[in-house]
Structures are given as structure tokens and as C-alpha cells.
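Asks: Give the three-dimensional model of this entry:
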Amino acid sequence: MAGAVDFVLKPFDREEILFTVRKALLRAQGEEARQQVRPTGGFIGRSRAMADVQAVLAKAAAGTATVLLRGESGTGKELAAKAVHDASPRRDGPFVKLHCAALPDTLLESELFGYEKGAFTGAATRKPGRVELAHGGTLFLDEVGDISPAVQVKLLRVIQERELERLGGTQTVKVDVRFVAATHQPLEERVKEGRFREDLFYRLNVVPVWIPALRERPDDIEPLALHFLEVHAKTNGRPPFTLMTDGLAALRAQPWPGNVRQLQNFLERLVVLSDTQVIGGREVLQELARQPGLAPAPFAATPSVSALEAPTVPVTDSARTLESQRKEMERQAMADALKRAGDNRTLAARLLGISRRTLYNKLEEYGLL
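Replies: Numbers count the residues shown, from 1 in each chain. Below you'll find the model as predicted:
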């Protein structure tokens, strides 16, 4: 009883209590997410390319080295980062993520490193940054290639020394954090241009992992499509959907410049708007045709059989022969979107249903810049 009285009467640091509560909440969120992760690490697919990626991630997870995830937007880099954390000895610690491109420098610095009370106008209390909150766990820095040189210097110190100083503070804070970063930017070129520090690049690029684009692993489209149809049917209160082989062929024939994210959004839209629970080639093409600026790619029609009843889909050879045609149609779709948008790339990206960065990469690929 005396011990309980001493505990109640003991003076507490309000900020330390808040810090502890934040860490506990992050740990609880991480545990909840882990319960939903599949045994394969959360990835869906059967392609050799993704099997190779998972093998590298599994090896990297066992250690403490920094991992740099490379690849186009929408390929699943955040999922890969989570897989590294969940398979690592730090799985019981917090998994904290920060989208670096979404914040201006001043906010990014305070989000990363935290700040002391009175550090700037409006700083009424001390706030720990994401690096501190990830203590004992993993910090995922998405789009790390977009941070400014000023923040790069401070991030380099944290990665090298595992210590930081909050904004407006003088106390050095030691942290035990595993860093996983991701970018779609060509960092080697940015280093040559002087836009990204070479020493930071080498600190991040200890274990580089390239996540292939969806067009490079067409065998993954079937399991992804079946999964998304099942999930979105449940979340939107719809009966189960059946994917026919000609519907799958239509999906496989599309270029999907926005990768898995674009496929997922397309299938959710199809689930919400469809008047039937049977998805064939006609339904896929009709929905594609509703998207401004998109030109649906042709596909080899096959008998209407449920994809679940057909373990192999005889459209691979046809899809390969249509590769050059698909590229030309994708190029034309980009050109049409730019024309409709009056050369406004932000609007063109919205018309295509992809990110502006993906549009820029595609325009560069097809010589439309």
C-alpha cells in the first residue's frame, strides 16, 4: 500500500508521460497490423520477380542494415518496408512512417527530430519527433529522395551517430532505430547534379532492393485482382465477385502505369459501380473507357470461364505479341491527356488516374517532355 501511495505522490514529467503514451499507441497499432499480415509478408503474387524481392527482404530483415527500396510509385514499397520490420528482431517495437515529400522543410524537420517548448511560435509543449517515436523499432522514410539538402545534413548525422537534437534544444538524444527508406527518384543522377548528398546516398544504399513495376510481372495480376475484388466487395457491402478469364485477359493487357495502386483503385471502382457480380472483358473495358484520357488496350478473348477454375490463363503469348501495341497506346493516352489538359501536367495526371511523378517518368520515357 505504501508503494502505491509513493507512486501516486511521485512527481511526473508531463512530456515524458505523453512520449510514453505515444510509443505505446504506435506499438499497439503495429501489433494490430501484424495480426492482419499474411505469412508471406503481406505480398500477393506468384511471379519469379516478386519471389526474388521477398528473398532479399527476408535476408535484410534479419540484420540491422539500412534498406533502400527503389521502384516506381504504386509498386508496394511501403508494404515491403513493413515486411522488413515484421520479420526483424524489432517486430515488437514501433513501425513509424513519414512521407517526406508531403511536408515543407520546416515541418519535415520538426516531424523528424521533434522540438522543445518555445522553439517557435506555437510550440507550447515539447514534442518528440518520428525518430524518437521509432526508438527500438523501425522508421520508414518514404520518398526520401525529395528532401532538401539542409534536412539531408541532419538526417545523415542521425543515421551515422544514432543521436539527434530537437529543434530549439541543446540536449543530445540517443536513439536506437532501424532505417528503411524508399524513393522513385534516380538518386545516382541527383547526386551527380548536386541535389542529393553522396555520403547520405551511401548511408541509405546499404541494402538496395528494386521493386519491379506491375507490367514487369503480369503473372501477379490474377492473384492481385482476385484479392482486391474480395476485399472491396466485403468493405463495400457487395456480394462476392467472379473474375472470368476474358476479364483477367483484359486486365493483363493494360499497361497500368500507376502499378498495383492503380489496379487496386480501378477494381474498387469496378466493385462499387458494377451492376453484375461477374467481371468479364466487356465490364473491364467499359470501365476503362469511362476514364478520361485512357485508351483500353486490346486483349485476346478466351471462353468465359471463372479465373478461379482456370489455374493457367492462355493469354501470355498473346500479351507478349501486343507489347509494342500496348506501349504505343499508352504513349497516345499520355499525349491525349496532355492535350485535354492544355499541357497542364497536374491535370493530365488526374485525368489518367496516376501521380504526377509517374506521369513525368512516362513522358520522359516516351519522349513527350
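
Asks: okay, CA-based contacts and neighbour counts for the rest of this
Replies: Will do.

Asks: now stretch 93-108, how far from the centre of its chain.
Replies: The chain centroid and the centroid of stretch 93-108 are separated by 14 Å under CA atoms, centre = their mean, to the nearest Å.

Asks: quick one: contacts of it?
Replies: Contacts with stretch 93-108, where a contact means CA atoms under 8 Å, 6 or more residues apart in numbering, come from 23, 26-27, 30, 82, 85, 130, 133-144, 146-148, 151.

Asks: What are the boundaries of the strands in the stretch 51-200 of the chain?
Replies: Ranges of strands in the stretch 51-200 of the chain, per DSSP state E, counting those that start in this stretch, are 67-70, 95-99, 114-115, 127-128, 138-142, 163-165, 172-174, 178-183.

Asks: Turn those strands into a markdown table, columns for distance to V272.
Replies: Listed next are the strands of the stretch 51-200 of the chain as a markdown table, based on distance: least, CA to CA, whole Å:
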| stretch | distance to V272 |
| --- | --- |
| strand 67-70 | 33 |
| strand 95-99 | 29 |
| strand 114-115 | 42 |
| strand 127-128 | 41 |
| strand 138-142 | 30 |
| strand 163-165 | 48 |
| strand 172-174 | 49 |
| strand 178-183 | 32 |
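
Asks: Tell me which of these approaches P255 most closely.
Replies: strand 67-70 (19.7 Å; CA to CA).

Asks: and that closest one, average pLDDT?
Replies: For strand 67-70, the mean per-residue pLDDT is 98.

Asks: before we move on, the earlier item: identify whichever of the strands of the stretch 51-200 of the chain lies nearest to P239.
Replies: Nearest to P239, of the strands of the stretch 51-200 of the chain and by CA to CA, is strand 95-99 at 34.4 Å.

Asks: Identify the residue nearest the geometric centre of this structure.
Replies: E78 (3.7 Å; CA atoms, centre = their mean).

Asks: So that one sits against E143, correct?
Replies: No: using CA atoms under 8 Å as the test, E78 is too far from E143 to be in contact (10.3 Å).

Asks: Need the residues touching each of these two.
Replies: Common neighbours of E78 and E143, using CA under 8 Å, 6+ apart, are A182.

Asks: For the residue nearest to the centre of the chain, list the residues it contacts.
Replies: Contact analysis of E78 by CA under 8 Å, 6+ apart lists F140, D142, A182.

Asks: can I get the strands of the stretch 51-200 of the chain in a markdown table with distance to V206 and mean neighbour count?
Replies: Shown next, in a markdown table, are those (distance: least, CA to CA, whole Å; neighbours: other CA atoms under 10 Å):
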| stretch | distance to V206 | mean neighbour count |
| --- | --- | --- |
| strand 67-70 | 6 | 24 |
| strand 95-99 | 19 | 21 |
| strand 114-115 | 26 | 23 |
| strand 127-128 | 27 | 22 |
| strand 138-142 | 15 | 26 |
| strand 163-165 | 19 | 20 |
| strand 172-174 | 22 | 12 |
| strand 178-183 | 10 | 24 |
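
Asks: Please identify which of the ones you listed is closest to S47.
Replies: In terms of CA to CA, the element of those nearest to S47 is strand 67-70, at 18.2 Å.

Asks: Okay, now the sheet partners of the closest one, with direction.
Replies: Sheet pairing of strand 67-70 (DSSP bridges) gives strand 178-183 (parallel), strand 207-210 (parallel).

Asks: roughly how far is that strand from the heart of the chain?
Replies: 11 Å.

Asks: Same list, the strands paired with strand 67-70, but as JSON lines with distance to T242 and mean pLDDT please.
Replies: Formatted as JSON lines, these follow (distance: least, CA to CA, whole Å; pLDDT from 0 to 100):
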{"stretch": "strand 178-183", "distance to T242": "35", "mean pLDDT": "97"}
{"stretch": "strand 207-210", "distance to T242": "33", "mean pLDDT": "96"}
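
Asks: Now the buried members of the contacts of stretch 93-108.
Replies: With burial judged by 16 or more other CA atoms under 10 Å, the buried subset of the contacts of stretch 93-108 is 23, 26-27, 30, 82, 85, 130, 133-144, 146-148.

Asks: Below-threshold pLDDT in this structure: ranges please.
Replies: Applying pLDDT under 70 to the chain flags residues 1-42, 292-330, 350-353.

Asks: quick one, domains of it?
Replies: 9-38, 48-212, 216-290, 329-366 (the TED database).

Asks: measure the residue nearest to H232 when sequence neighbours are not counted to S274 for me?
Replies: Distance criterion CA to CA, 6 or more residues apart in numbering; nearest residue to H232, sequence neighbours excluded, is E268 at 5.7 Å. Distance from E268 to S274, counting by CA to CA, to the nearest Å: 10 Å.

Asks: These two: which has the busier surroundings?
Replies: Between E268 and S274, counted using other CA atoms under 10 Å, the more crowded position is E268 (20 against 16).

Asks: Would you agree the more buried one is in contact with L226?
Replies: No: with contact defined as CA under 8 Å, E268 does not reach L226; the gap is 11.5 Å.

Asks: so what's F228 up against?
Replies: Q264, L267, E268.

Asks: I'd like those residues laid out as a markdown table, including secondary structure and distance to T235.
Replies: Output for these, formatted as a markdown table (DSSP: H, G, I helix; E, B strand; the rest coil; distance: CA to CA, whole Å):
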| residue | secondary structure | distance to T235 |
| --- | --- | --- |
| Q264 | helix | 13 |
| L267 | helix | 13 |
| E268 | helix | 10 |
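
Asks: just those residues now: which is nearest E109?
Replies: Of all the contacts of F228, Q264 has the smallest distance to E109: 32.7 Å, by CA to CA.
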